[in-house]
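Chemist: Fold the stuff below for me.
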Amino acid sequence: MRTWLLALLVLAAEMVLLVWDPALPPQTAPGVQTLTQAEFVLGDAREPPETGWQVVSLPDSWRARRPQAKGVAWYRIRFDLEAVPDAPKALYLPRVAIAGEVWLNGSLLNTRLPDEAPGGRELRFNDQPLYFELPSRMFRAGHNEILVRLLGDPGVRSGLSAPRLGPAPVVSAMMMPQRLLSTAMPYVLGILMLSAMALACAYAYRRRQYLDIPMTVAFAAIALILDLVHDLPLTRSEVGVLRVAAVAAGLSCLCHVAYRLSVLRRPRLPRWIVAVALLVIGSVVATIPLGLATDLVSLLLMPFYVLVAYVLALLLQTAWLQRSLRMLLLALTALVWAATFVHASILTLDVTHWDAFRYNTAAGVPLCALMVLILAERFVQDRDAALRSRGEAVDAERARILQDMHDGMGAQLITAKRLALRQDVDRGELALVIDESLQDLRLIIDSLDVSGGDVLPLLGNLRFRLAPRLAALGIRLSWNAEAMPPLAGLNAGGALSILRIVQEAINNALKHAQPGHLHIEIGQDGQDLRIQVQDDGKGFDAAVAAESGGGTGRGLTGMRLRAERLGGSVAVDSAPARGTRVTLRVPPQQAP
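Modeler: Modelled structure (predicted):
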């Protein structure tokens with residue numbers, strides 16, 4: 001209930017923001033004339049007709065005064081000057097919709113409308129404010145005349161603003177807010193959106209749950225392109241429908257992003273967002289075959305504004321709970337942006353001032369800038385966290401290697417030193433201890449070279465070192481290794497454990513079994529790695545050996561403990577006069 005009350009307050013704030021229109025310039029300024037009287041005639045002639053003119057007041061809205069009018073019309077605006085001005089004047093038309101050509105005393109001030117049939121694909125929306133700085137020689141003392149040849153359509157909010165005429169510096173300052181919001185801001189937004197898209201794609205690549213962020217930017221970019229590009233092979237109604245559909249899709253993604261950023265969970269909300277998006281987009285697209293495609297389709301976005309208000313209420317609550325200024329700014333900029341979309345939808349009803357225009361593009365600039373800041377900050381934080389994690393992993397690996405060397409090779413070197421200090425030492429026994437120490441060092445070095453969990457090269461190195469030693473002892477070594485995929489999740493610690501288990505199995509055979517043949521087999525049991533070490537020696541009672549395996553970890557108990565740390569197992573099958581088979585099984589994704 002608290003969230004809904006806050007959502008109602010958000011909606012109320014949006015309605016309050018609708019009253020304020022920063023794009024509306026003052027009606028009067030020192031030395032500036034607002035030309036509110038004109039004559040009007042409907043007709044597609046290339047030259048203004050002689051008859052049929054009607055007196056109208058400006059601004060003139062076709063939807064309010066002549067809702068079925070379509071095609072080309074002429075406006076004639078007359079004004080008097082006492083003398084030719086001694087300084088340049090400026091002519092400012094806040095809105096010429098859909099498009100128009102402007103003449104002053106017989107001189108064309110901008111490009112002409114195309115000769116093709118009006119209302120087709122050849123001309124798109126061009127209702128940006130028009131501003132002309134005019135030299136003194138273009139004016140006459142006495143009667144002057146402005147002609148506007150305007151293209152209109154009943155499916156689009158069409159008409160003409162009241163022109164402002166006055167000193168160039170004054171008019172330029174007066175129209176600067178609207179010109180800035182309507183012309184410069186879209187390009188600023190485009191740059192910010194490209195930055196947001198790059199950061200969002202990089203961020204979503206690392207964290208797939210934030211895929212809605214680049215999707216939001218993509219749909220917003222589509223809507224912006226439909227606003228700025230005027231030569232697409234589409235009719236005005238098709239462009240309007242596509243733009244509203246893109247906005248609906250972008251709003252749904254933005255609602256998902258805002259919901260993910262909030263700490264308050266509403267399990268049904270994502271389903272509601274999808275349902276409203278499908279309903280709105282389906283209704284918008286259906287207007288084309290039904291012949292209802294006008295700029296009024298933007299009113300179909302109204303159900304989304306309730307969802308947006310609710311999601312913004314969640315963000316505001318999150319900002320309060322986390323005491324986050326950044327989250328509060330994000331919610332407030334999103335609130336202003338949502339209010340501009342409501343304003344843009346209401347504009348089509350002609351209930352606001354005619355000179356007002358859609359400035360939701362400009363309102364998207366602070367929201368997009370804040371999103372770029374947040375994404376950049378999170379990307380840097382993730383990078384720093386990855387570097388810290390990598391450093392911690394390096395430190396942990398260094399500590400593991402040192403511990404392995406201390407427990408294995410270090411203990412053996414201590415034993416070798418004590419033997420060397422004795423006068424009655426058996427040099428063969430000393431050489432054996434040193435050799436075991438060197439073998440342990442080689443195992444540690446080999447384990448560091450594990451690549452993607454591939455154990456076959458590691459075991460191949462072990463075989464390469466064992467073969468000469470076994471041949472010198474008169475023991476035949478055979479080897480059978482099947483091609484197999486890498487063991488998922490295997491790291492250097494796990495690889496060293498596997499090598500030590502295999503080496504321990506071989507050493508036990510050499511010490512106790514007196515074999516003539518050793519056979520090593522490597523293969524798969526399902527997803528598990530299977531390694532078997534089998535000898536033809538005298539064998540032993542496995543149960544008794546397991547109970548008496550020393551506490552140093554060098555017996556069967558130590559082998560089983562190593563295998564358990566890998567998530568695997570060691571099985572021993574042996575009997576007197578029958579030889580011994582040691583089987584190691586290691587599952588994937590469980591090796592440390």
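
Chemist: Look up the closest residue to Ala363, ignoring the ones flanking it.
Modeler: Of all residues not flanking Ala363 in the chain, Thr340 sits nearest, at 4.1 Å (Cβ to Cβ, 6 or more residues apart in numbering). For glycine as for every other residue, the C-beta is placed from the backbone atoms N, C-alpha and C.

Chemist: An error on my part: the question was meant for Leu335.
Modeler: In space, and not counting its chain neighbours, Leu335 is closest to Leu312: 5.6 Å by Cβ to Cβ, 6+ apart.

Chemist: Would you agree the one you found is in contact with Leu330?
Modeler: No. Counting by Cβ atoms under 8 Å, Leu312 stays clear of Leu330, with 9.4 Å between them.

Chemist: For the stretch 101-250 of the chain, which segments are assigned as strands?
Modeler: Along the stretch 101-250 of the chain, the segments classed as strands by DSSP state E, counting those that start in this stretch run 107-108, 130-134, 142-152, 159-160, 164-167.

Chemist: follow-up on the earlier one: now do the buried residues in the strand or helix carrying the residue nearest to Ala363.
Modeler: Assigning secondary structure by DSSP states H and E places Thr340 in helix 325-347. Buried residues in helix 325-347, counted by 16 or more other Cβ atoms under 10 Å: 327-347.

Chemist: Which residues does that helix contact?
Modeler: By Cβ atoms under 8 Å, 6 or more residues apart in numbering, the residues outside helix 325-347 that reach it are 10, 13-15, 17-18, 21, 157, 247, 251, 254, 258, 261, 298-299, 301-302, 305, 308-309, 312, 315-316, 318-319, 352, 356-360, 362-364, 366-367, 370-371, 373-374.

Chemist: which other helices and strands contact the helix or strand following it?
Modeler: Proceeding N to C from helix 325-347, the next assigned helix or strand is helix 360-404, under DSSP H and E. For helix 360-404, the packing partners by 3 or more Cβ pairs under 8 Å, 6 or more residues apart in numbering; DSSP states H and E come out as helix 185-206, helix 212-228, helix 325-347, helix 492-508.

Chemist: 10 Å instead?
Modeler: Applying 3 or more Cβ pairs under 10 Å, 6 or more residues apart in numbering; DSSP states H and E, one finds that helix 360-404 contacts helix 185-206, helix 212-228, helix 236-261, helix 325-347, helix 427-447, helix 492-508.

Chemist: any idea of the angle the longest one forms with helix 325-347?
Modeler: So the one you mean is helix 236-261. 160 degrees (axes from the mean of the first three to the mean of the last three Cα atoms, to 10 degrees).

Chemist: Let me know the average pLDDT across the following helix or strand past helix 236-261.
Modeler: Once the chain leaves helix 236-261, the next helix or strand it forms, by DSSP H and E, is helix 269-286. Mean per-residue pLDDT for helix 269-286: 87.

Chemist: which residues are contacting helix 269-286?
Modeler: Helix 269-286 is touched from outside by 240-256, 258-260, 262, 266, 268, 292-293, 297-298, 300-304, 306-308, 310-311, 314, with contacts defined as Cβ atoms under 10 Å, 6 or more residues apart in numbering.

Chemist: Output it as CSV - backbone C-alpha positions only.
Modeler: Taking Å, rounded to 0.1, in the frame of the first residue of the first chain, the C-alpha atoms of helix 269-286 are listed here in CSV:
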residue,chain,number,x,y,z
LEU,A,269,5.6,-7.1,-11.5
PRO,A,270,7.8,-8.5,-14.4
ARG,A,271,4.8,-10.4,-15.7
TRP,A,272,2.6,-7.3,-15.6
ILE,A,273,5.3,-5.3,-17.5
VAL,A,274,5.4,-8.0,-20.2
ALA,A,275,1.6,-8.1,-20.4
VAL,A,276,1.2,-4.3,-20.7
ALA,A,277,4.0,-4.2,-23.3
LEU,A,278,2.4,-6.8,-25.5
LEU,A,279,-1.0,-5.2,-25.1
VAL,A,280,0.2,-1.7,-26.0
ILE,A,281,2.5,-2.8,-28.9
GLY,A,282,-0.3,-5.0,-30.3
SER,A,283,-2.8,-2.2,-30.1
VAL,A,284,-0.4,0.3,-31.8
VAL,A,285,0.5,-2.1,-34.7
ALA,A,286,-3.2,-2.9,-35.2
